[in-house]
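K.L.:
What follows is a predicted protein model with its sequence.
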Amino acid sequence: MKFKRVTLALLGLTIVFGLLFRDKILGEFPRLSYAFCHLTDKKEGTCWESVIKQSLFVGGPKTAFSALKYLYEEEPEIRAECHDYAHYIGESSYELYKKSGAIGLAPEASYCGYGFYHGFIIAMMADGKEPFEVSRFCEDANSELSKDNPITRLDCYHGIGHGVTDYDFRNIPKIETAQILIESSTNLCKDVAPGEEELAWCADGVFHSVTEVPLQDLPKFIDKNAPLSFCEAQEKDFQGACYESLGFLLMQLTNNDFAEALSYSKGVDNPLYKANMIRLLSGYQAYRTASDPDYIEDISSCRSLGSILFEECLKGLVEGSLDFGNPGDEYAALAKLCASEELSSQETDFCLSHAASHLGGTLGETKRDEFCDLMTVEKRGKLCQ
């Protein structure tokens, strides 16, 4: 009887100890996994994937995102692939969700341009889930996270468009033109989106997916000699989403020449489409060069557009730096951008003001206030209203 009591007491202490130190153990796991991986001489890409995979298995999505943040800080080369790794966490988390019925959503799901949602929804579609089930997931995610990530709901609908199109790309190889795929995906967007705003974000996801095809596959989808004609041919309600999504495609066509890619905007007549195309293109440039940005060159390229469109271009650099910056410390790279010697004092203020606004709209007031607290009292009163 005494032995039984001692055994139960030890078991109880073990459980209490585990609960007390669980967060600390999980917090250290990515670092330990990374160190072990290097000791075994694995290749970088394989090592990164291994750290994230093990972290996901041990502690779920939250620990996996801690691993991604750790790798982002330790391995600058991973920054250009950050969104893809967030995709992987999303897809793998769905498998955990199927088994346990719980996801363990956390604000970290916004890391690396919300790639988590794109991956999660791709996995849902692959599992044969109905559109209303995918839509319900977005509403549930918004209920959990909207305080910390105000655009969770909208970016989740973007993930629906991205996810269903990526899924079709993987599983319907006989599709020879983008238009068949676009019509199928945008029809699904119409079915699941409860309003115009959600429909626009869903359609944006569709065109992001279509315009990210490898260069060798482009002839099946888009006339490389006249890429803008692809958007001109779209249904009127979706032309804006198409122009916004051309960034990756134009960078491929110009061999990553940012200035030359921006020059395509001259062929866009609609002022709103033109501005949004420039903003999203420069956001992609910030993402693509996250590991080694050249803000002097990028700002110079933006200036070639003229004063009005320069602001749209600078907005894009700001948004890309924040959306794809160091997870959890999104404004570290932004400080370098806004402090660039290429910007006038007025342009620096514009850069900081837009950053504060974008942080508040995407990551919530707490993040915005953290950023604004780094400014002088005078600047904060002027730029953070």
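P.N.:
Received it, and whenever you're ready, just let me know what you need.
K.L.:
now stretch 105-125, how far from the centre of its chain.
P.N.:
Averaging C-alpha positions (CA atoms, centre = their mean, to the nearest Å) puts stretch 105-125 8 Å from its chain's average.
K.L.:
Can I get that stretch as PDB, trimmed to CA atoms?
P.N.:
The C-alpha trace of stretch 105-125 is given here as PDB (Å, rounded to 0.1, in the frame of the first residue of the first chain):
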ATOM      1  CA  LEU A 105      -4.200  28.000 -33.900                       C
ATOM      2  CA  ALA A 106      -2.000  30.900 -32.700                       C
ATOM      3  CA  PRO A 107      -1.100  34.400 -33.900                       C
ATOM      4  CA  GLU A 108       2.000  32.900 -35.400                       C
ATOM      5  CA  ALA A 109      -0.200  31.600 -38.300                       C
ATOM      6  CA  SER A 110       0.300  35.000 -39.800                       C
ATOM      7  CA  TYR A 111       4.100  34.500 -40.200                       C
ATOM      8  CA  CYS A 112       5.600  34.600 -43.700                       C
ATOM      9  CA  GLY A 113       2.600  36.000 -45.500                       C
ATOM     10  CA  TYR A 114       0.000  33.700 -44.000                       C
ATOM     11  CA  GLY A 115       1.400  30.700 -45.800                       C
ATOM     12  CA  PHE A 116       0.000  28.500 -43.100                       C
ATOM     13  CA  TYR A 117      -3.600  29.000 -44.300                       C
ATOM     14  CA  HIS A 118      -2.600  28.300 -47.900                       C
ATOM     15  CA  GLY A 119      -1.100  25.000 -47.000                       C
ATOM     16  CA  PHE A 120      -3.900  24.000 -44.600                       C
ATOM     17  CA  ILE A 121      -6.600  24.700 -47.200                       C
ATOM     18  CA  ILE A 122      -4.700  22.800 -49.900                       C
ATOM     19  CA  ALA A 123      -4.700  19.800 -47.600                       C
ATOM     20  CA  MET A 124      -8.400  20.200 -46.900                       C
ATOM     21  CA  MET A 125      -9.200  20.300 -50.600                       C
END
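K.L.:
In it, which residues are buried?
P.N.:
105-125 (16 or more other CB atoms under 10 Å). For every residue, glycine as well, the C-beta is placed using N, CA and C.
K.L.:
show me what contacts residue 182?
P.N.:
Counting by CB atoms under 8 Å, 6 or more residues apart in numbering, residue 182 makes contact with 165, 206-207, 210, 234, 238.
K.L.:
Can you tell me which of these are buried?
P.N.:
Counted by 16+ other CB under 10 Å, these give 165, 206-207, 210, 234, 238 as buried.
K.L.:
Pick out whichever of these sits closest to residue 265.
P.N.:
Checking those against residue 265 by CB to CB gives residue 207 as the nearest, at 16.3 Å.
K.L.:
Excluding chain neighbours, what is closest to that closest one?
P.N.:
If the residues on either side of it in the chain are set aside, residue 207 comes closest to residue 245, at 3.7 Å by CB to CB, 6 or more residues apart in numbering.
K.L.:
With respect to residue 369, which of the contacts of residue 182 is nearest?
P.N.:
residue 207 (34.2 Å).
K.L.:
Next up, the contacts around that closest one.
P.N.:
The contact partners of residue 207, by CB under 8 Å, 6+ apart, come to 161, 182, 238, 241-242, 244-245.
K.L.:
mind running it again at 6 Å?
P.N.:
By CB atoms under 6 Å, 6 or more residues apart in numbering, the contact list for residue 207 reads 241-242, 245.
K.L.:
repeat for residue 62
P.N.:
Neighbours of residue 62 in contact, by CB under 6 Å, 6+ apart: residue 106.
K.L.:
Do you know the pLDDT at it?
P.N.:
Here, the pLDDT recorded for residue 62 equals 80.
K.L.:
Distance check, it against residue 332.
P.N.:
Using CB to CB, to the nearest Å, we find residue 62 at a distance of 21 Å from residue 332.
K.L.:
Also residue 338?
P.N.:
Counting by CB to CB, the separation of residue 338 from residue 332 is 12 Å.
K.L.:
Is residue 312 in contact with residue 278, as I believe?
P.N.:
Yes - at 4.8 Å, residue 312 and residue 278 qualify as touching, with contact defined as CB atoms under 6 Å.
K.L.:
Neighbour count: these two, which is higher?
P.N.:
Neighbour tally, residue 312 and residue 278, criterion other CB atoms under 10 Å: the higher count belongs to residue 278, 28 against 20.
K.L.:
Phi, psi for residue 235 please.
P.N.:
phi -50, psi 140 (degrees, to the nearest 10).
K.L.:
And for residue 341?
P.N.:
Torsion angles, degrees, to the nearest 10, at residue 341: phi -70, psi -10.
K.L.:
Tell me where the model's unsure across the stretch 51-200 of the chain.
P.N.:
For the stretch 51-200 of the chain, the stretches with pLDDT under 70 are 101-104, 168-178.
K.L.:
Residue 222 sits in which helix or strand?
P.N.:
Using DSSP states H and E, residue 222 maps to neither a helix nor a strand.
K.L.:
Nearest residue to it in space, please, no chain neighbours.
P.N.:
Nearest one to residue 222, counting by CB to CB, 6+ apart, is residue 230 at 4.7 Å.
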